[in-house]
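A.B. asks: When you get a sec, could you give me coordinates for this:
(one chain, ligands or ions: 1)
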Amino acid sequence: MADTKVDPRSRDVRDDEILAPGHRACPGCGTAIAIRTVMRVVGRRVIVVTATGCLETFTSPHGYSAWEVPWVHSLFENAPAVASGVAAALRYLGRTGVPVVAIGGDGSSFDIGFGALSGMLERGDDVLYVCYDNEGYMNTGFQRSGATPYGASTSTTPAAAGSLGKTEHKKDLARLVLDHDIPYVATASIAFPADLMAKVRRALAIKGPRYIQIHCPCCLGWGFDPSETVRIARLGVQCGLVPIWEQERNTPRKSLAVRNPVPVEEYLRAQKRFSHLFDGSEEGRRVIREIQLIANRNLEDMSASLSGAGTSEG
Ligand SMILES: Cc1ncc(C[n+]2csc(CCOP(=O)(O)OP(=O)(O)O)c2C)c(N)n1
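C.D. replies: The predicted structure is shown next:
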C-alpha cells in the first residue's frame, strides 16, 4: 500500500480515485462529487465507515464495491459508534497513522444517528465525521429530515392546497456539534472544492473528533437538471442560505466571504421542491420573505466572523 500521509500544507490533489468510477450514483449526484473530493484528499491509508443511505447504496450494490479502501457498513443509525470501535481497535493494536473516516447523510447524522454521533464527539474519539447533507432521506424516496429547509416540498411534507411544504426550520447541526467543544468543526459546499479539500486536510492533521458537513444538492429529490448540481450548490452559498465556516478549538471562527449576495429567489426558483412558493399567492410570497430573512441573518452572522478568514471564494 502506498504511503499517502497527508501534508496539511500541500495543495496537491491525488489523481487516483478512491471512490472508483462505475458506482451507481445518479448523474449529477452532489453526494458523489462531495465524497469523491473528500477521498482524494484522505488517500488510501484509511478505514471508512458509512451509514445506510444513498452513498452506501450506490457504492455497494450486491456483490460490488466502489471503495478502493477498507470500508465498513453497518446500520443507518450507528456509523459513529462503529467508527469509535474501529478507532479503539486501532489504538489497542498500536496502529498509528490510519485515520478513521465516518460518513453519514443528513438523515443519519441530524436525526436517527444523532445520539451515536453526540456520544462519539463527547467521548473524544479519534474520528473524522463527514456529513453529506442533501437535505432529506433521499435513498428511501425524498422524505423530510431535520436538515430539510423551511418551505421545501418533500414526500412527507408535500406542497398541496393548504400546505406550503415543510413548516419547521432546518436544524443547525454544525452548531450543535460545536457545542460538544471538539477540536474541529466546518461546513463546506461541493461548489467550493478548494475550500472543501483544505478543510479535509486541516481536519486530518488534528487528533480527536472532527466534523465536516457538506452541502450536496440532489437532482432527483430537489428537482433540477443533473447539469445544474454545482450551479445550485453555488447559489445556495451566494444567497446566504448555506453558511460556510470553520472553527478550530480556541481560534476565532472563519467564514467564507459572500461578496455580492444574490436574492434567495434565484436559488429557490431553480428547484421544483420550492416551485409552489411561486404560484403567485400571498402565502408563497410570505414564505419567500421569511426565507430571505434566514439568509440575511446567516450573512450578517458570517460577516461578523470574516476577520482573518483568509478565504476569497463566494
Ligand atoms: C432504523 C432504520 N430506519 C429506517 C431505515 C430506512 N432507511 C434507510 S436509508 C434511509 C434514509 C437515509 O437518509 P440520509 O441519511 O439523509 O441519506 P441519503 O439517503 O439522503 O443519502 C432510511 C429511512 C433503516 N435502514 N433503518
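A.B. asks: C-alpha only now, for contacts and for neighbours.
C.D. replies: OK.
A.B. asks: Checking my notes, Ala116 in a helix, right?
C.D. replies: Yes. Ala116: assigned to a helix according to DSSP: H, G, I helix; E, B strand; the rest coil.
A.B. asks: Please give me every residue in contact with it.
C.D. replies: Glu77, Asn78, Ala79, Pro80, Ala81 (C-alpha atoms under 8 Å, 6 or more residues apart in numbering).
A.B. asks: And for Val230?
C.D. replies: By C-alpha under 8 Å, 6+ apart, the contact list for Val230 reads Gly30, Ile190, Ala191, Pro217.
A.B. asks: separation between it and Gly146?
C.D. replies: Distance from Val230 to Gly146, counting by C-alpha to C-alpha, to the nearest Å: 23 Å.
A.B. asks: what's the answer for Asp125, then?
C.D. replies: Applying C-alpha to C-alpha to Asp125 and Gly146 gives a distance of 25 Å.
A.B. asks: How about Asn139?
C.D. replies: From Asn139 to Gly146 the distance is 15 Å (C-alpha to C-alpha).
A.B. asks: of these two, who's got more company?
C.D. replies: Higher neighbour count among Asn139 and Gly146: Gly146, with 21 against 17, using other C-alpha atoms under 10 Å.
A.B. asks: mind putting the contacts of Ala116 in a markdown table, distance to the ligand, neighbour count and secondary structure included?
C.D. replies: Below are the contacts of Ala116 laid out as a markdown table (distance: C-alpha to the nearest ligand atom, whole Å; neighbours: other C-alpha atoms under 10 Å; DSSP: H, G, I helix; E, B strand; the rest coil):
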| residue | distance to the ligand | neighbour count | secondary structure |
| --- | --- | --- | --- |
| Glu77 | 6 | 21 | coil |
| Asn78 | 9 | 24 | coil |
| Ala79 | 11 | 29 | helix |
| Pro80 | 13 | 31 | helix |
| Ala81 | 14 | 21 | helix |
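A.B. asks: Dump these into CSV; add distance to Val130 and pLDDT as well.
C.D. replies: CSV is the format used below for the contacts of Ala116 (distance: C-alpha to C-alpha, whole Å; pLDDT from 0 to 100):
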residue, distance to Val130, pLDDT
Glu77, 14, 98
Asn78, 14, 98
Ala79, 11, 98
Pro80, 10, 98
Ala81, 14, 98
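A.B. asks: Quick check: of these, which lies closest to Phe58?
C.D. replies: Nearest to Phe58, judged by C-alpha to C-alpha, of these is Ala79 at 17.0 Å.
A.B. asks: Mind listing the residues bridging to the residue most central in space within the chain?
C.D. replies: Nearest to the mean C-alpha position of the chain, by C-alpha atoms, centre = their mean, lies Ile214 at 2.3 Å. Taking DSSP bridges as the rule, Ile214 bridges to Tyr132, Ala188.
A.B. asks: Count the neighbours of Pro193 for me.
C.D. replies: 15.
A.B. asks: Apart from its neighbours in sequence, what residue is nearest it?
C.D. replies: Thr37 (7.2 Å; C-alpha to C-alpha, 6 or more residues apart in numbering).
A.B. asks: could you say which helix or strand contains the one you found?
C.D. replies: Using DSSP states H and E, the element containing Thr37 is helix 30-42.
A.B. asks: List the contacts of that helix.
C.D. replies: With C-alpha under 8 Å, 6+ apart, helix 30-42 has contacts from 6, 13-19, 25, 55, 132-134, 189-190, 193, 196-197, 200-201, 204, 214, 216-219, 229-230.
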